[in-house]
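Colleague: Got a predicted model here, sequence first, then my questions.
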Amino acid sequence: MFSFVLPSRNKRTYKRRQKMHFCYTIWFFILFPLSDAETQHACQKFCFCKDGTMFVNCSGVSTTSNLIFPPETEHLDLSNSNLHSVPTKGLVYLWKLQILLLSGNYIYRIEERAFISLERLQKLDICRNKISFLGNSFSVGLISLQELILAYNRLQELHYKSFQHFENLQNLNLKNNNISSIETGTFRSLTHLRKLCLQNNHLHTLHNGVFSMLKHLEVLNLEGNAIKTIASGAFTSLSSLTILNLVQNKIEHIRFQTLLSLQTPETHILLSNNPWFCDCDLQRVFAKLHSVRRLILDDYHNVTCMEPHILRSLPLASVDTHLCVAETVTVLVITFTVLVTVVAAIAMAEKNRKKRTGKHWSDDNEVTYDAHNWASNNYESSAL
Ligand SMILES: *[C@@H]1O[C@H](CO)[C@@H](O)[C@H](O)[C@H]1NC(C)=O
Ligand SMILES: *[C@@H]1O[C@H](CO)[C@@H](O)[C@H](O)[C@H]1NC(C)=O
Ligand SMILES: *[C@@H]1O[C@H](CO)[C@@H](O)[C@H](O)[C@H]1NC(C)=O
């Protein structure tokens, strides 16, 4: 019912907002008896309201998208309220709103600029809905938002445009979605982010720069994805990271450089429940990781081998000193073989040389001698 009073909302300069406030206030004044009656109605009949109408709790009540809430509402609980969409009309004049809970509904689509006037909102919880797509204007207006919970939805792809106005976001929870792709630079605007939960999604590759600009990120949870490939620069800009959880992915091998690029004084890295390919290379990587004091492999004793078959399920810790043995033995055998061959060749050559030189002398002697003999014999015989 208020939408017709709203001026164009695409410019957000302070002056303009002030003007808009004034405009809204006038309209509220005019519409006050009506809106008051509605809110009274909502608070008395549907929802539980506390401290005047600052806390409005409609949780568990089947509401409709057309509900009107008191304009002074600061905390609004609309969880488990049978909602099929965000009640945008009801939210549009709630400038004081700080906490909005929409979890456990059936919301599958978020309208364009649904939260545009909620510039004081600090926490938005939309978990356990059916959202598969966040529009380009999803973040518009939410410049104060610190915590966003989108867990247990059906998101598949994340795009930069959906997140570009979350400049104060500290905590982003995207766990238990269906996310398989993150556009490069998606988190570029989230320079204050401290915790990013992406566990139980379908990520398979971490590209270079996927977490760029997250220099205040402390916790990155990627547990339970399908990550197999991690680009060596994927974690480069995470200069505050203290926990990196990569448990239960599809990692067979990791490069030393990939983890070395974490520059925090202390980063705890979790790597168990991956199908590690235990070879000499892996042994070397882990040996080097152990030697870097700032990288702490908390669950190293739970890191087990998947391949080669003979080592399956064995802890890497119990076999890692032997992994290069075979290689060393092979190298030794090859070296030994080469050495023996070379020595044999030299010996043969020497023998041949000796034999050849010896024969030459004696042959010459014999020939001379024989010739001499023959000559002298001949001479003797002819003389006789
Ligand atoms: C709202 O009320 C429900 C029970 O009716 C309660 O479980 C919930 O915690 C309340 N919400 C808030 C934010 O207090
Ligand atoms: C999850 O995403 C995959 C494609 O990445 C799709 O095939 C599948 O149907 C999705 N599942 C759900 C529950 O949306
Ligand atoms: C290792 O695995 C065991 C059994 O699954 C678990 O109880 C323990 O907490 C794990 N340790 C670490 C450090 O993850």
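Modeller: Received it, and whenever you're ready, just let me know what you need. Ligands and ions are numbered 1, 2, ... in the order given.
Colleague: wait, what's in contact with residue 192?
Modeller: Counting by C-beta atoms under 8 Å, 6 or more residues apart in numbering, residue 192 makes contact with 167-170, 216. Where you see a C-beta, it was placed from the backbone N, CA and C, and this is true even at glycine.
Colleague: Could you do residue 203 as well?
Modeller: Listed by C-beta under 8 Å, 6+ apart, the contact set of residue 203 reads 179-182, 222, 225-227.
Colleague: let's go with 10 Å and repeat that
Modeller: Listed by C-beta atoms under 10 Å, 6 or more residues apart in numbering, the contact partners of residue 203 are 179-182, 210, 222, 224-228, 249.
Colleague: out of the residues you listed, which is most surrounded?
Modeller: Within the contacts of residue 203, most neighbours by other C-beta atoms under 10 Å means residue 225, with 24 neighbours.
Colleague: In ChimeraX, select just the buried ones from the contacts of residue 192.
Modeller: This is how ChimeraX selects the buried members of the contacts of residue 192, with burial counted by 16 or more other C-beta atoms under 10 Å:
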select :167,169,170,216
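Colleague: restrict the contacts of residue 192 to contacts with ligand 1.
Modeller: Among these, proximity to ligand 1 is found for none (C-beta under 6 Å from any ligand atom).
Colleague: By mean pLDDT, flag the weakest helix or strand of this structure.
Modeller: Between all helices and strands in the chain, the lowest mean by mean pLDDT, DSSP states H and E belongs to helix 14-41, at a mean of 42.
Colleague: and which of the contacts of residue 203 is nearest to residue 77?
Modeller: residue 179 (27.0 Å; C-beta to C-beta).
Colleague: Spatially nearest residue to that closest one (excluding sequence neighbours)?
Modeller: residue 201 (4.0 Å; C-beta to C-beta, 6 or more residues apart in numbering).
Colleague: Can you point out the helix or strand that includes that neighbour?
Modeller: Residue 201 is part of no helix or strand, with elements assigned from DSSP states H and E.
Colleague: What's the separation between it and residue 176?
Modeller: Distance, residue 201 to residue 176, by C-beta to C-beta, to the nearest Å: 8 Å.
Colleague: what does residue 93 give?
Modeller: 33 Å.
Colleague: Have a look at those two and say which one is more surrounded.
Modeller: residue 93 (23 against 20).
Colleague: so that one, which of the three states?
Modeller: Using DSSP: H, G, I helix; E, B strand; the rest coil, the structure places residue 93 in coil.
Colleague: pLDDT at it, what is it?
Modeller: We have a pLDDT of 86 for residue 93.
Colleague: let's number from 12 now, not from 1
Modeller: Sounds good: first residue 12 from here, last item residue 104.
Colleague: thought it was touching residue 80?
Modeller: Yes: judged on C-beta atoms under 10 Å, residue 104 makes contact with residue 80 at a distance of 8.8 Å.
Colleague: Show me the strands in the stretch 212-361 of the chain, by range?
Modeller: Listed in chain order, the strands of the stretch 212-361 of the chain (DSSP state E, counting those that start in this stretch) span 216-217, 230-232, 240-241, 254-256, 278-281, 287-288, 306-308, 316-318.
Colleague: Mean neighbour count, mean pLDDT and distance to ligand 3 for those strands - can I get that in CSV?
Modeller: Output for those, formatted as CSV (neighbours: other C-beta atoms under 10 Å; pLDDT from 0 to 100; distance: least, C-beta to the nearest ligand atom, whole Å):
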stretch, mean neighbour count, mean pLDDT, distance to ligand 3
strand 216-217, 19, 95, 22
strand 230-232, 20, 97, 14
strand 240-241, 18, 95, 20
strand 254-256, 20, 97, 10
strand 278-281, 20, 96, 7
strand 287-288, 18, 94, 15
strand 306-308, 18, 95, 9
strand 316-318, 18, 92, 15
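Colleague: Check which element follows the least confident helix or strand of the chain along the chain.
Modeller: Scanning forward in sequence from helix 25-52 by DSSP H and E, the next helix or strand is strand 59-61.
Colleague: Run the chain-centre distance for that next one.
Modeller: With C-alpha atoms, centre = their mean, to the nearest Å as the basis, strand 59-61 stands 41 Å off its chain's centre.
Colleague: The chain against ligand 1: which residues are in contact?
Modeller: Proximity of the chain to ligand 1 (C-beta under 6 Å from any ligand atom) is limited to residues 68, 70-71, 88.
Colleague: go again using 5 Å as the cut-off
Modeller: 68, 70, 88 (C-beta under 5 Å from any ligand atom).
Colleague: so how far is residue 285 from the last one?
Modeller: Just to be clear, that refers to residue 88. Per C-beta to C-beta, residue 88 is found 40 Å from residue 285.
Colleague: where are the low-confidence patches of the stretch 12-161 of the chain?
Modeller: Scanning the stretch 12-161 of the chain for pLDDT under 70 picks out 12-53, 55, 64, 74-77.
Colleague: mind listing the strands for it?
Modeller: Taking DSSP E, counting those that start in this stretch as the criterion, the stretch 12-161 of the chain carries its strands at 59-61, 66-68, 86-88, 110-112, 134-136, 158-160.
Colleague: how about TSV for those, with distance to residue 273 and mean neighbour count added?
Modeller: Output for the strands of the stretch 12-161 of the chain, formatted as TSV (distance: least, C-beta to C-beta, whole Å; neighbours: other C-beta atoms under 10 Å):
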stretch	distance to residue 273	mean neighbour count
strand 59-61	46	15
strand 66-68	42	20
strand 86-88	38	22
strand 110-112	34	20
strand 134-136	29	19
strand 158-160	25	21
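Colleague: of all those, which lies closest to ligand 2?
Modeller: Ligand 2 lies closest, by C-beta to the nearest ligand atom, to one member of the strands of the stretch 12-161 of the chain: strand 158-160, at 18.9 Å.
Colleague: As a check, name the ranges of all helices in the stretch 62-211 of the chain.
Modeller: Ranges of helices within the stretch 62-211 of the chain are 99-102, 171-174, based on DSSP state H, counting those that start in this stretch.
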